[in-house]
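Student: Sequence first, then the predicted structure:
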Amino acid sequence: LLGQNTIDTVPVQLPSSLGQYRTNLIEIIKLCAGRQQRLVFLTQPTLYREGMPRDLENLLWEHTETGAYTPGALATVLAAYNATLQSVCDEYGITCIDLASKLRKDTSVFYDDCHFNLNGCNTIATILCEYIARDLRSPQQDR
């Protein structure tokens, strides 16, 4: 589908979608604070990037009824969502582990666009275990 109808621009509704995402994140944060629950958010890693090699591009399956976004356009959208998450976490003092910057964008981590293979799962588990051992056990408040 990518070759049939390539969409290389971000959706026009991206700004309003990011606004709704921000609102939803703040609601989650406030609900959890009211229940004295500590949150840890994770950014969303994917394979998407501008100029992806053909072998990785062949693994992509995300598309719309009218076509498929280029990996570059999808990377822009995901980066905007991840930046929104990090911004809200900074604003509210919530921990956000930036998995998107910690994981490789290749088949050593992913088996398609955004789903992790076994090694990817193990890598994430290691990152989370290190966080829990280092930061979550401490009596400090959210960062």
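Tutor: Structure received.

Student: all strands for the protein, in order.
Tutor: Along the chain, counting by DSSP state E, strands occupy 6-7, 40-42, 68-69, 95-97.

Student: among the ones you listed, which is the most enclosed?
Tutor: Ranked by mean neighbour count under mean count of other Cβ atoms under 10 Å, the strands of the chain are led by strand 68-69, which reaches a mean of 20. Where you see a C-beta, it was placed from the backbone N, CA and C, and this is true even at glycine.

Student: For that one, which helices and strands make contact with it?
Tutor: Contacting strand 68-69 under the criterion 3 or more Cβ pairs under 8 Å, 6 or more residues apart in numbering; DSSP states H and E are the following elements: strand 6-7.

Student: still on that earlier bit, columns mean pLDDT on top of the strands of the chain, output as CSV?
Tutor: As requested, the strands of the chain are exported to CSV (pLDDT from 0 to 100):
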stretch, mean pLDDT
strand 6-7, 82
strand 40-42, 97
strand 68-69, 84
strand 95-97, 96
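
Student: Columns distance to I26 on top of the ones you listed, output as JSON lines?
Tutor: Converted to JSON lines, the strands of the chain look like this (distance: least, Cβ to Cβ, whole Å):
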{"stretch": "strand 6-7", "distance to I26": "30"}
{"stretch": "strand 40-42", "distance to I26": "12"}
{"stretch": "strand 68-69", "distance to I26": "27"}
{"stretch": "strand 95-97", "distance to I26": "14"}
